[in-house]
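requesting a structural model of the entry that follows:
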Amino acid sequence: KEVEVFGVNNNQQLAKAEEIFQKKMRDTLIKKGVKILAPSTISFSHDTKISNNVKIGANNTFGEGVIIKENVEIGHGCSITNTYIEKESVIGPLCRLRENTKIGRSAKIGNFVEIKNSTIKDNAKVNHLSYIGDAIVGKHTNIGAGTITCNYDGKNKNKTFIGDRVFIGSNCSLVAPLKIQDNSFVAAGSTITKSLEKGDFAIGRSKQVIKRNATKRIMKKRP
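Residues are numbered from 1 along each chain as shown. Reported below is the predicted structural model:
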């Protein structure tokens, strides 16, 4: 066929070759049983591997090294590179999975979540507005909205280990290196710098100060 010997000598021809490849990749996956919404908005890598009965929403980009197993659902607007996703997980919408990420079975990774160099084990949830880097998140663990692993100290990338059935409340900062053992609970709004043993409860917030009926006085002093 003509497309098999198509030459690439300039940017226009490169774009045309990419268009041909993407269409071929999409057609192959759809025939295989992958459900793709808005196929023209999806970009695959040459080595993307997607199993049967996977659902892919619009505007997704798959970089190199992506493997997706059966019955996974990918919401719209995700960027996924060098990631392994196990069966029956739900990814997105609007999340970024970066290098060396592994997502376990029936896990949920939600909107505005970024994961890098981390393992999210079976049935774990990272649903909203979080950054998980250089970490292991155990089975049936919940990571609350706005939680981040503080993995970089300016020189080294440090590890965060979170066990099974852990509950991390919303808006928490987990300062690595850190270990949070099974069945622990971290209260919302906490900054955690010390490791937790099994079943521990941790809270690390600044003390709230209330000045009664002071709003008008304070606002008058503002420029």
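
after the longest helix seen in the chain, which helix or strand is next?
Determined from DSSP state H, the single longest helix within the chain is helix 11-32. Going down the chain from helix 11-32, the next helix or strand is strand 35-36, by DSSP states H and E.

now for whichever helix or strand comes after that following strand, which elements pack on it?
Per DSSP H and E, the first helix or strand lying C-terminal to strand 35-36 is strand 49-50. Under the contact criterion of 3 or more C-beta pairs under 8 Å, 6 or more residues apart in numbering; DSSP states H and E, strand 49-50 touches strand 67-68. Any C-beta I mention is one placed from the backbone N, CA and C, and that applies to glycine too.

quick one: residues in contact with the strand it packs on.
49, 50, 51, 54, 74, 83, 84, 85 (C-beta atoms under 8 Å, 6 or more residues apart in numbering).

that strand pairs with which strands, parallel or anti?
strand 49-50 (parallel), strand 83-85 (parallel) (DSSP bridges).

same question for the shortest one, mean pLDDT?
Computed over strand 49-50, the mean pLDDT rounds to 98.

how far away from the center of its chain is that strand?
Counting by C-alpha atoms, centre = their mean, to the nearest Å, strand 49-50 is centred 18 Å from the centre of its parent chain.

wait, which of the strands paired with strand 67-68 is closest to residue 187?
strand 83-85 (30.8 Å; C-beta to C-beta).

quickly run through the sheet partners of the helix or strand following the closest one, with directions.
Later in the chain than strand 83-85, the nearest helix or strand by DSSP H and E is strand 90-91. For strand 90-91, the pairing partners within the sheet under DSSP bridges are strand 73-74 (parallel), strand 108-111 (parallel).

next one: the least confident helix or strand in the chain by mean pLDDT to chain centre, how far?
Using mean pLDDT, DSSP states H and E, helix 215-220 stands out as the lowest-scoring helix or strand of the chain, at a mean of 81. Distance of helix 215-220 from the chain centroid (C-alpha atoms, centre = their mean) equals 42 Å.

for this protein, give me the ranges with low pLDDT.
Within the chain, the segments meeting pLDDT under 70 span 1-5, 222-223.
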